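1. Provide a 3D model corresponding to the input given below.
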Amino acid sequence: MLRYFEDLTETQIAETLGISVGTVKSQASKGLAKLRAHPALADRRDEKELIG
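-> The predicted structure follows:
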């Protein structure tokens, strides 16, 4: 969230949360994977593929 809504770098997020940059990257990756796998969002991806 901090990366996309607050426009912070991975380094800034790590410093803010007191964690390593690697942890920021891995947690962001896991979170994005969950969002991509969410059924409601998958339906929207299918709609976009059909439209454009």
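2. Surely residue 17 and residue 27 touch.
-> No. Counting by Cβ atoms under 8 Å, residue 17 does not reach residue 27; the two are 9.5 Å apart. Heads up, the C-betas are built off the backbone N, CA and C, glycines and all.
3. Which stretches in this protein count as helices?
-> With helices called from DSSP state H, the chain shows them at 2-5, 10-17, 21-37, 39-51.
4. Mean neighbour count, these: which tops it?
-> helix 10-17 (a mean of 14; mean count of other Cβ atoms under 10 Å).
5. who touches that helix?
-> Residues outside helix 10-17 that contact it (Cβ atoms under 8 Å, 6 or more residues apart in numbering) are 2-3, 8, 20-21, 23-25, 28.
6. try 6 Å this time
-> 2, 20-21, 24 (Cβ atoms under 6 Å, 6 or more residues apart in numbering).
7. Give me the pLDDT value at residue 42.
-> For residue 42, the pLDDT comes out at 71.
8. same check, this time on residue 39
-> 87.
9. Report the separation between it and residue 32.
-> 16 Å (Cβ to Cβ, to the nearest Å).
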